Every structure is written in C-alpha cells, then in structure tokens.
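**Student:** A predicted structure for the sequence below; I have some questions about it.
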Amino acid sequence: MQLDDQRASSNVEDRRGIGVGGGLGIGGIVIAVIAYFFGFDPSTVIDVAEQVESQRETPQATRGAPSDDTGQFVSKVLGSTEDVWTKVFQQSRSQYRPPTLVLYDAQVRSGCGIAQSAMGPFYCPNDEKLYIDLSFFRDLQQRFRAPGDFAQAYVIAHEVGHHVQKLTGKMQQMETARGGPQSNQMSVRLELQADCYAGVWGHYAGTMKQLDPGDVDEALAASIAIGDDRIQKQTQGRVVPEAFTHGSSEQRLRWLKRGLDSGLPQDCDTFGGGAV
Ligand SMILES: [Zn+2]
C-alpha cells in the first residue's frame, strides 16, 4: 500500500501492554470461544456481555495514532476508511460517525465483555469500537498464508464494515433474528456484506492511489483463506455448511470482489432475498 500521503486517524486507543485492568480476574469468566478467526458473531458478543459486569475504562490507555510502524499503519488505514465512508455517507445525505480502533495484547475488556485474541479481530456495537490484537496479522501471514499489508487492511476494513452496518441498522436486524432458525444464515449475510463493504473501501483506496500492484490479490487470497469451509476443514477435518457463520471461501471472495469492482454500497445487498 502507499499510505505516505494518508493522514493517520486519531480514533485509536492503544491498550497494548495494559491487560484487562480493573479488579476482575479473567479466570472466573467463562467465554464461549466459538469464533473462527477473523471476527466473531456479534450475537456471541452480546451473550458474553451479559456475564460480565461493566468496568471503568483502563486509565493508562493512550488515545491517538501510535508512533510505531504497525500502529501508524493501522491508524492510516483507519483514516482512509474514515475519509471514504464520510464521502459515501455524504452522498446519501447522512453523516458518518467514525468508530474507535482499540489495539490490545492477549485480552481486553470491551463494551461487549472480555475478549481474548484467539477470537480474532471483532467489532463491538455497544461501544462502537473495533478490537484488534496485532498477533492476528502474524496468524494471517503464517497460519492462513495470506501475507501482505493490504490483506491486513482488509481485516480492518471488514470490521469497519460492521460499524457501517451498525449505523445503517442492519446489525440490529441481525439481533432480532438471533437464536431463531435463520440465525446462522443471517450471520453469513451480515459477514458477507461486511466483506463487500471492505471491498467498497478498497475500491476508493485504489482511486486514491493507495494500492500497489498485487494488493488486490493479497486481499482476495485472504478472503479465501478465512472462508468457513477452509477453516472447518483445517480444524475439524470436514465441512458443515449449516454451521457456517461467515460464509465459504467462494462467497467471501465473490462479495469482497463485488465491492472492490463497483465501489457502490448498494451493490452489497446480501439481504435482498435469494441465495448469497
Ligand atoms: Zn465479521
């Protein structure tokens, strides 16, 4: 990516090296780690939230773009998503309210409960924050064999996509379906739309000359690597489509590509009825 001319967002909270803080021990809290890498189903997050009492913000967390290389990269990608979504929302005469990105190590207290890095990056609609443990970028490269800075940016843009869904009310719709017979289907539609929104951002990143040759291929490779079928095969040796929560590799690739190609959020209607 070419981010030299991109401003870094200051909507970043650096909690690396801080731990969860407060008086609550992690040992007593049961968290259902059902998530696949790369974000978890928001309904799970809400369940966890009900088990965890809310605590004060950890005071030591610093706000603003961190100065280290990865911190700068993440802040610039976030800044780029802010610029793009602000414009896109303006086009439909509405206002974009940017989310906060929280960097953490190992475990973190969020508005949706305590999370651990094994859950992968996630978005919490309650506090409108994205949570990313940077070790996931290493996993993406080594475990999922999807290297490259734009693959990492896609992860951030996907979580930002969930924030867009919070703003448009789609995430709330998902909550209504939670626990019902359509629950998994809804989750897949929500995730694929977030992939498509990540693509919409990528489209504009291209027009802003922020992409290098090969960048798009990095993101496409990442979307394939984190498809439910691929991950199920790796972790349990077989594929159970009914248990999909994020979509197959083919689906994730297709929706990301769709957003990348058109740059139009209205082309991301995964809820329009019919198969996705
Ligand atoms: Zn997601």
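**Tutor:** It's in.
**Student:** which residues of the stretch 51-200 of the chain fall in helices?
**Tutor:** 69-91, 135-142, 149-168, 170-177, 183-207 (DSSP state H, counting those that start in this stretch).
**Student:** when you compare where the longest one runs with where helix 69-91 runs, what's the angle?
**Tutor:** Same thing as helix 183-207. 100 degrees (axes from the mean of the first three to the mean of the last three CA atoms, to 10 degrees).
**Student:** which stretch among the helices of the stretch 51-200 of the chain comes nearest the ion?
**Tutor:** Nearest to the ion among those is helix 183-207 (4.7 Å), distances taken as CB to the ion. Backbone N, C-alpha and C define where each C-beta goes, glycine included.
**Student:** Does that closest one pack against any helices or strands, and if so which?
**Tutor:** In terms of contacts (3 or more CB pairs under 8 Å, 6 or more residues apart in numbering; DSSP states H and E), helix 183-207 is packed against helix 42-51, helix 69-91, helix 149-168, helix 170-177, helix 215-225, helix 249-262.
**Student:** ok, back up a step: pick out the shakiest of the helices of the stretch 51-200 of the chain, pLDDT-wise.
**Tutor:** Out of the helices of the stretch 51-200 of the chain, helix 170-177 stands lowest, with a mean of 83 (criterion: mean pLDDT).
**Student:** That helix near the ion at all?
**Tutor:** No: using CB under 5 Å from the ion, helix 170-177 stays clear of the ion, coming no nearer than 10.5 Å.
**Student:** what is the orientation angle of that helix with helix 149-168?
**Tutor:** Going by the same axes, to 10 degrees, helix 170-177 makes 70 degrees with helix 149-168.
**Student:** buried residues in helix 170-177?
**Tutor:** Lys170, Met171, Met174, Ala177 (16 or more other CB atoms under 10 Å).
**Student:** what do you get for stretch 66-79?
**Tutor:** Pro66, Gly71, Gln72, Phe73, Val74, Ser75, Lys76, Val77, Leu78, Gly79.
**Student:** Which single one of the residues you listed is nearest to Asp267?
**Tutor:** Within the buried residues of stretch 66-79, the smallest distance to Asp267 is 22.2 Å, found for Val77 (CB to CB).
**Student:** nearest residue to that closest one other than its sequence neighbours?
**Tutor:** With sequence-adjacent residues excluded and distances taken as CB to CB, 6 or more residues apart in numbering, Val77 is closest to Ala153, at 4.6 Å.
**Student:** quick one: contacts for the spatially most central residue of the chain?
**Tutor:** With distances taken as CA atoms, centre = their mean, the chain has Glu159 as the residue nearest its mean C-alpha position (2.2 Å). Residues in contact with Glu159, defined by CB atoms under 8 Å, 6 or more residues apart in numbering, are Gly39, Pro121, Phe122, Tyr123, Leu130, Ile132, Ala194.
**Student:** Just give the number of residues close to the last one.
**Tutor:** By other CB atoms under 10 Å, 30 other residues sit near Ala194.
**Student:** when you give positions from now on, start the count at 143
**Tutor:** In the new numbering, first residue 143, that becomes Ala336.
**Student:** What residues does the stretch 193-342 of the chain have near the ion?
**Tutor:** Glu333, Ala336.
**Student:** is the ion contacted by stretch 379-395?
**Tutor:** No: figure legend: stretch 379-395 not in contact with the ion (CB under 5 Å from the ion); closest approach 6.4 Å.
**Student:** same deal with stretch 405-418?
**Tutor:** No: Stretch 405-418 stays clear of the ion (CB under 5 Å from the ion), getting no nearer than 12.3 Å.
**Student:** what's that stretch in contact with?
**Tutor:** Under CB under 8 Å, 6+ apart, the answer for stretch 405-418 is 230, 306, 312, 315, 330-332, 334-335, 338-339, 341-342, 345-346, 349, 389, 393, 397, 400-401.
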